[in-house]
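Participant: sequence and predicted model, in that order:
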Amino acid sequence: MSSRLGFAACLMGLNIVGACTTSEREAPAAVPAKVAVAPLPSPSVTGPVLNADGTCSQTSAASATVIEPGIGECDLVRLKAKPATDVLIGEGRSGREVQVLYSEPGAKELYFFVNGRLDRIVKY
């Protein structure tokens, strides 16, 4: 049997004696290279932000009147009317992440900011 016919029989799954034992094989298909995906740029922080000591980096326009999700870091300090007990600043997947702790009588309040905006409040 010709080697071409034997190779074709192997491809079709036919087990003709001696057809699938030849050393003639088709080269494996090339695996496409993985395409590197560039990470999306993190949203920039607009407006004044807190420094590590709890002070504002610049004066605020004082637009917020209530502590609620979406207000700025410095708006929280202005609305609380006292410095934070502790401030933790870091970089996360979303960009700038800030945790502001206020120790209140009888409870503690932890404010989580993402890119300069209040994301959530935890009271314990």
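Facilitator: Perfect, I can see it now. Here the structure is a predicted model, which means the values were calculated and not measured.
Participant: so which residues of this structure form strands?
Facilitator: For the chain, the strands defined by DSSP state E occupy 86-92, 95-104, 107-114, 117-123.
Participant: same list (these) but as TSV, adding mean pLDDT.
Facilitator: Output for these, formatted as TSV (pLDDT from 0 to 100):
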stretch	mean pLDDT
strand 86-92	94
strand 95-104	94
strand 107-114	95
strand 117-123	95
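Participant: wait, residue 80 sits on residue 102?
Facilitator: Yes: counting by CB atoms under 8 Å, residue 80 does reach residue 102; the two are 6.3 Å apart. C-beta here means a position set from N, CA and C on the backbone, and glycine is covered the same way.
Participant: identify the bridge partners of the spatially closest residue to residue 70 that is not a sequence neighbour.
Facilitator: Residue nearest to residue 70 in three dimensions, not counting chain neighbours: residue 117, with 5.5 Å by CB to CB, 6 or more residues apart in numbering. Counting by DSSP bridges, residue 117 is bridged to residue 72, residue 114.
Participant: for residue 117, grab the count of nearby residues.
Facilitator: By the criterion of other CB atoms under 10 Å, residue 117 has 18 neighbours.
Participant: now do the contacts for it.
Facilitator: Taking CB atoms under 8 Å, 6 or more residues apart in numbering, we find residue 117 in contact with 69-72.
Participant: who wins for most neighbours among those residues?
Facilitator: residue 72 (24 neighbours).
Participant: show me the contacts for it.
Facilitator: Contacts of residue 72 by CB under 8 Å, 6+ apart are 47-49, 60, 63-64, 116-118.
Participant: might you list the low-confidence residue ranges for this protein?
Facilitator: Within the chain, the ranges that satisfy pLDDT under 70 run 1-27, 32-43, 60.
Participant: which stretches of it form helices?
Facilitator: 3-11, 73-80 (DSSP state H).
Participant: what's the neighbour count on the nearest residue to residue 63 once chain neighbours are set aside?
Facilitator: Nearest-residue entry for residue 63: residue 75, 7.0 Å, with adjacent residues in sequence omitted and distances by CB to CB, 6+ apart. Neighbourhood size, residue 75 [other CB under 10 Å]: 25.
Participant: okay, residue 80 and residue 102: which has more neighbours?
Facilitator: Neighbours were counted for residue 80 and for residue 102 using other CB under 10 Å; residue 102 has more, 18 against 15.
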